[in-house]
Structure formats: structure tokens, C-alpha cells
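Participant: Structure for this input, please:
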Amino acid sequence: MMQAINDTHLLEDFKRGNVQAFEQVFTCYYSTLKTAAFLLLDDEQDAEDIVQQLFEDIWTKELYKNIDISVKAYLHTAVRNKCLNFLEKRKVYERQKNNYAENLPVEGVVDSTGDAGLPDHMHNALKELPPQRQAAFKLVYMEERSYKDAAGEMGISVNSLKTHLKMGLRFLRNALEKAY
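Facilitator: Numbering: from 1, shown residues only. Prediction:
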């Protein structure tokens, strides 16, 4: 790790939004932050996404202005908090998915051939999704592929896949609310 990170001058440059100071902090801490995130998440891609998102937020939201004493302490605390939030969201998502699966009627269960076992209103709502969102939904929720595998098959990033899923789910929820 570089000694200059503890320098008050670098911290002041960083807080003023100096690009070179930001790059120096990124270069110095990226790998250790990614490792810390990996230890909490046990998923390399998610760890990388979280650390990259942290640095993006620091720069675009000007969070660097909030750093008072130690860049290292701020970054490690921020990564830890982002990871804990991510794990909590994942736990909630898994609980909702399990509750949904437990409450599905037998005739509504998706078989390995795709969406043939879906109720008509669900099948129609899926057909209304744009092609990318439809593909993302089918790969992740129906074929139970990991985000990484589904994103690779679609030729997009994991974050893009997550965006397609989020927007697709929002559309499906609205469509299903109208159906009931």
C-alpha cells in the first residue's frame, strides 16, 4: 500500500474532487476492498460489482467530501456496509422467492420446457416484455441460471442483467395487479 494515502495533502486533494487523487486512491485500495467484499459475499463478481459501484458513487455523488480523517477507514466501512445491505436484500429476495414457490398451485409450476405451465395471464404478461427483459427473466427465474451465467449468455454485464430483471419484475407486477 502506498504511504501517500495517509498524507493530509492527498486527502485534501481527494476531498476537492481532484481526479489524480481519486485515481491514486482507486489504484491503492481497489484490490483490498474487493478482497474484503469477497470475504463477506463469497462471490467474486458480486464483490467486484460492489467495489466498482462504491467508487462510482463516491465520484458521481461527491461522497469524497464526507471523508474526514482516514480514506482507508471510510472505504472499508463503506464496502462493509454495501456488502451487508446486499446480503440483506439477497436474503429478502430468497425468502420472497421461496414463499412464492411454496404458494404456487401445482398446475402453475414451470416445467423444464419453459413457460408452458404458466397461467394464461402470466404467459401473456411475459410475452409483452421487451426481448432482453424476457430473456433475462427466463434465464434467471425459469431456468434458474446464475446472474453471471445469464449475463454471459446474453452478452451483457451482470449489472445490466439486474437492471433488466428489476424493470421486468416491475412490469410483471403491474400486469398481474391489473389481472387480479
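Participant: Burial check on residue 145, number of neighbours?
Facilitator: By the criterion of other CB atoms under 10 Å, residue 145 has 18 neighbours. To be clear about C-beta, it is placed using only N, CA and C from the backbone, and glycine gets the same treatment.
Participant: go on, residue 123?
Facilitator: So residue 123, with other CB under 10 Å, has 13 neighbours.
Participant: Tell me the buried residues in the helix or strand hosting residue 46?
Facilitator: Assigned by DSSP states H and E, residue 46 falls within helix 44-60. Residues of helix 44-60 classed as buried under the neighbour-count rule (16 or more other CB atoms under 10 Å) are 45-51, 54-55, 58.
Participant: residues touching residue 153, list them.
Facilitator: By CB atoms under 8 Å, 6 or more residues apart in numbering, the contact list for residue 153 reads 139, 145.
Participant: which SS state does it fall under?
Facilitator: helix (DSSP: H, G, I helix; E, B strand; the rest coil).
Participant: cool, residue 69 as well?
Facilitator: Applying three-state DSSP: residue 69 is coil.
Participant: how does this protein divide into domains?
Facilitator: Domain ranges of the chain: 3-89, 107-179, per automatic domain parsing.
Participant: Relative to residue 98, which of those is closest?
Facilitator: Closest approach to residue 98 among these is made by domain 107-179 (12.9 Å; CB to CB).
Participant: quick one: average confidence on that closest one?
Facilitator: In this model, domain 107-179 has an average pLDDT of 78.
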